[in-house]
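Visitor: pasted the sequence and its predicted model underneath.
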Amino acid sequence: MNRNFITIGRISLFVLIGLAGVIVGRISAPATKVNAQEKFSGITDCTAVVPKSWGEFKGASEYGLAFQDENGVVRFLLHPACTAVNSPTDPPPAAIDLEVKRR
């Protein structure tokens, strides 16, 4: 009977130490934190050009970036072409991946 109490005591002590370790680990672990850039520096290595005739930017979806012109035509740009900002020539306009016209 005395051996059973010693075994139960050791197991309980082991569980208590493990539980205390988990609690201390949770308390002392640094919180994961993501900070957004507060101010845009204006320096970028990629620029995509979209013609003004495509209209207003409406948002993004799984189809890509959406633009709608004054006639109701919606254009989606899935993979914008990336060009350098300091390029001596103007970057070419992006190709349309999907165009939806109203009839």
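Guide: Arrived safely, thanks for sending. Numbers count the residues shown, from 1 in each chain.
Visitor: and residue 72, helix, strand or coil?
Guide: coil (DSSP: H, G, I helix; E, B strand; the rest coil).
Visitor: tally of neighbours for residue 55?
Guide: 18 (other CB atoms under 10 Å). Placement of C-beta: from N, CA and C, glycine included.
Visitor: repeat for the one 3 residues further on
Guide: One way to gauge burial is a neighbour count; for residue 58, by other CB under 10 Å, it gives 13.
Visitor: where along the chain do the strands fall?
Guide: Using DSSP state E, the strands found in the chain span residues 56-61, 64-68, 74-77, 98-100.
Visitor: quick check: the residue nearest to residue 53 when sequence neighbours are not counted vs residue 96, distance?
Guide: Closest residue to residue 53 apart from its sequence neighbours, by CB to CB, 6 or more residues apart in numbering: residue 69 at 6.5 Å. According to CB to CB, to the nearest Å, residue 69 stands 12 Å off from residue 96.
Visitor: flag the shaky bits of this structure, pLDDT-wise.
Guide: Where the chain drops to pLDDT under 70, the residues are 1, 34-45, 83-94, 97-99, 102-103.
Visitor: let me know whether the residue nearest to residue 53 touches residue 54 as I believe.
Guide: Yes - with contact defined as CB atoms under 8 Å, residue 69 reaches residue 54; the gap is 6.0 Å.
Visitor: these two: which has the busier surroundings?
Guide: Neighbours per residue (other CB under 10 Å) separate residue 69 from residue 54, with residue 54 holding more: 20 against 14.
Visitor: how near is that one to residue 8?
Guide: Applying CB to CB to residue 54 and residue 8 gives a distance of 74 Å.
Visitor: cool, residue 58 as well?
Guide: To residue 8, residue 58 is 67 Å away according to CB to CB.
Visitor: same thing with residue 23?
Guide: In terms of CB to CB, residue 23 sits 22 Å off from residue 8.
Visitor: next: residue 74.
Guide: Taking CB to CB, one finds residue 74 at 71 Å from residue 8.
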